[in-house]
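Colleague: Next comes the sequence, and after it the predicted model I'd like to discuss.
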Amino acid sequence: MVGKMKKTIEVAAAVIRRDGRVLLSTRPEDKPPAGREFPGGKLEPGETLKQAAERELREELGVGVVALDELFRITHETEHAVIRLRFIRTVLPEGEAVTPLEGQSFGWFDLKEPMPPDLLAPDRPVWEFLAE
Ligand SMILES: Nc1nc2c([nH]c(=O)n2[C@H]2C[C@H](O)[C@@H](COP(=O)(O)OP(=O)(O)OP(=O)(O)O)O2)c(=O)[nH]1
């Protein structure tokens, strides 16, 4: 892509903690890159970070969450795009059950345990920070 600017994609990634564990999802098999990630997805045009996080979580988990404040930004580049990951501290109301809706599976991961080996590379510093 000589002389052409890569597009920048903004992604909301929800950091949901409960009892020393964090909620991670597995990306659907048909949507590379494969691996585990913080639940979320791309911002739609005109959407704020908070709105995107709340919408994605409703679509993916069927739960109403409250997205609070941005914790980190991590920018990385793929062959086609610059991806700006925006991690947002998000609260899952007590008693809300998590039901995967879009072919994803979710799990709670203990931050005292080693990091899941398949956590996406750009997310790994975030796990390390949360585990401290
Ligand atoms: N949701 C999420 N995406 C991440 C994380 N880390 C990371 O590198 N990514 C990358 C993977 C994808 O290239 C991109 C997110 O795109 P996506 O495909 O999940 O977005 P989306 O649900 O809105 O999907 P789409 O159907 O509109 O394509 O960001 C993370 O922790 N959470």
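Modeller: Perfect, I can see it now. Residues are numbered from 1 along each chain as shown.
Colleague: Going by C-alpha atoms from here, please, whenever you check contacts or count neighbours.
Modeller: OK.
Colleague: can you pull out the strands in the chain?
Modeller: For the chain, the strands defined by DSSP state E occupy 7-15, 17-18, 21-26, 36-37, 40-42, 66-77, 81-91, 105-110.
Colleague: how about the fifth one, does it reach the ligand?
Modeller: Yes: with C-alpha under 6 Å from any ligand atom as the criterion, the ligand is reached by strand 40-42 at 40-42.
Colleague: ok, back up a step: please convert the strands of the chain to a markdown table, extending it with distance to residue 128, mean neighbour count and mean pLDDT.
Modeller: Shown next, in a markdown table, are the strands of the chain (distance: least, C-alpha to C-alpha, whole Å; neighbours: other C-alpha atoms under 10 Å; pLDDT from 0 to 100):
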| stretch | distance to residue 128 | mean neighbour count | mean pLDDT |
| --- | --- | --- | --- |
| strand 7-15 | 13 | 22 | 97 |
| strand 17-18 | 14 | 16 | 93 |
| strand 21-26 | 12 | 20 | 95 |
| strand 36-37 | 14 | 22 | 97 |
| strand 40-42 | 19 | 22 | 97 |
| strand 66-77 | 12 | 15 | 97 |
| strand 81-91 | 14 | 19 | 97 |
| strand 105-110 | 12 | 16 | 91 |
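Colleague: relative to strand 66-77, how tilted is the helix ranked longest in the chain?
Modeller: Looking across the chain with DSSP state H, the single longest helix is helix 49-61. Interaxial angle, helix 49-61 versus strand 66-77 (axes from the mean of the first three to the mean of the last three C-alpha atoms, to 10 degrees): 90 degrees.
Colleague: Near the ligand, which residues of the chain are found?
Modeller: Residues of the chain lying near the ligand (C-alpha under 6 Å from any ligand atom): 11, 13, 37-42, 120, 122-123.
Colleague: can you do 5 Å?
Modeller: 13, 37-42 (C-alpha under 5 Å from any ligand atom).
Colleague: Noted, bye for now.
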